[in-house]
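>>> task: produce atomic coordinates for the following.
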Amino acid sequence: MAHRLFEGKEHAACYWKYRICPSDDLIKYVIDFVGKQKGGPLELAVDVGCGSGQGTVQLAKYFDSVVGTDISPAQLHVALEHAKEPNITYRQCMAEELPFADGSVDLITAMSAFHWFDRPRFLQEVHRVLKPHGCLALLNYTIQMELSYPGCCLQSLNQVCKELYATLDPYRSPHLGANSIELYREAYTCIPYTNKEWNDCVWVKRPMPLSSYIGLIESFSNYQAMLRDDPQKAMRLSQDVCQRLMSVMKVTSAETEVMVGVRYFYILAENDLS
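I've put the predicted structure just below:
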């Protein structure tokens, strides 16, 4: 069964404010992959598990129509609040039961969402709705991000981050196993298409205020699990980590900008069996 998380209004708002999406370069790589296989116009993209819609928006300039789908009304409400592109719409549905006709979709994406689906059922649904030579793109990133700051010891800075990740690890959902990358690697081997790509290490650097890095961590499922279990413990953890990072950086404001290195991994696959 699919796992339903991230559905509260506060969590959805946190998603929109802090969650990161793939870099423009990575999205362009996906689009180039689709273009090579499809040829001709790109009519319809579907972003499954779209959350508050950041990734959905990135697809809008490449397709005649883009549809973001999610199971959470709260997430879709936030997405609609920020919807500006006229060719984007949103639908509430399960990832495993997509409301699209057979062979009607040029690209299906799932950005930081596939690991929560009923993966075999979702992949069957993908095959049903993809056009011949339509494509699937599954993208995600690891929580083990790396920080850098001018004049700061990287080892000391990232030791604080490593301790944070270790503290959150016991709250990781059993559904995800020990390592999400392995879930995607397994999916790659199960996808029956011949033309497919797997890359487990694409580093993207993003500048953001230290407070936004903390907010990003707080949006993750393991932090949210800690927050439900012991709200005071979770809030103390956020405050302590922020203070420790500021101390290592020798700054006094959580709005100080840091560089955050994010490790992405992805699967691209063409429906070459139709």
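
>>> was I right to think Ile20 contacts Tyr141?
Yes: Ile20 is in contact with Tyr141 according to Cβ atoms under 8 Å; the separation is 7.5 Å. In this view, the C-beta of every residue, glycine as well, is placed from N, C-alpha and C.

>>> what sits against the residue nearest to the spatial centre of the chain?
In the chain, the residue lying closest to the centroid (Cα atoms, centre = their mean) is Ser112, at 2.6 Å. Applying Cβ atoms under 8 Å, 6 or more residues apart in numbering to Ser112 gives the contacts 19, 49, 51, 55, 139-141.

>>> residue ranges of the strands in the stretch 1-150 of the chain, please?
All strands of the stretch 1-150 of the chain, identified by DSSP state E, counting those that start in this stretch, fall at 44-48, 65-70, 88-92, 105-111, 130-141, 146-148.

>>> packing partners of the third one?
Yep, that's strand 88-92 we're talking about. helix 54-59, strand 65-70, helix 73-81 (3 or more Cβ pairs under 8 Å, 6 or more residues apart in numbering; DSSP states H and E).

>>> also the fifth one?
In terms of contacts (3+ Cβ pairs under 8 Å, 6+ apart), strand 130-141 is packed against helix 24-38, strand 105-111, helix 180-190, strand 257-270.

>>> how does it look with 10 Å?
Secondary-structure packing of strand 130-141 (3 or more Cβ pairs under 10 Å, 6 or more residues apart in numbering; DSSP states H and E): helix 24-38, strand 44-48, strand 105-111, helix 119-129, helix 180-190, strand 196-209, strand 257-270.

>>> may I have the first one exported as CSV, CA atoms only?
Extracted C-alpha coordinates of helix 24-38, given in CSV (Å, rounded to 0.1, in the frame of the first residue of the first chain):
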residue,chain,number,x,y,z
ASP,A,24,17.1,23.7,-13.7
ASP,A,25,20.0,21.8,-15.2
LEU,A,26,18.7,18.5,-14.0
ILE,A,27,15.2,19.2,-15.2
LYS,A,28,16.6,20.3,-18.6
TYR,A,29,18.5,16.9,-18.7
VAL,A,30,15.2,15.1,-18.1
ILE,A,31,13.5,17.2,-20.9
ASP,A,32,16.3,16.5,-23.3
PHE,A,33,16.0,12.7,-22.6
VAL,A,34,12.3,12.9,-23.3
GLY,A,35,12.8,14.9,-26.5
LYS,A,36,15.3,12.4,-27.9
GLN,A,37,12.9,9.5,-27.4
LYS,A,38,9.7,11.3,-28.4
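
>>> so what does that helix touch, helix or strand wise?
strand 44-48, helix 54-59, strand 105-111, strand 130-141, strand 196-209, strand 257-270.

>>> how far away is Ser219 from His175?
Separation of Ser219 from His175 (Cβ to Cβ, to the nearest Å) stands at 18 Å.

>>> between the two, tell me which one has more neighbours.
Ser219 (20 against 13; other Cβ atoms under 10 Å).

>>> pass me the low-pLDDT residue ranges in the chain, would you?
Applying pLDDT under 70 to the chain flags residues 1-13, 15-16, 274.

>>> alright, I will stop here.
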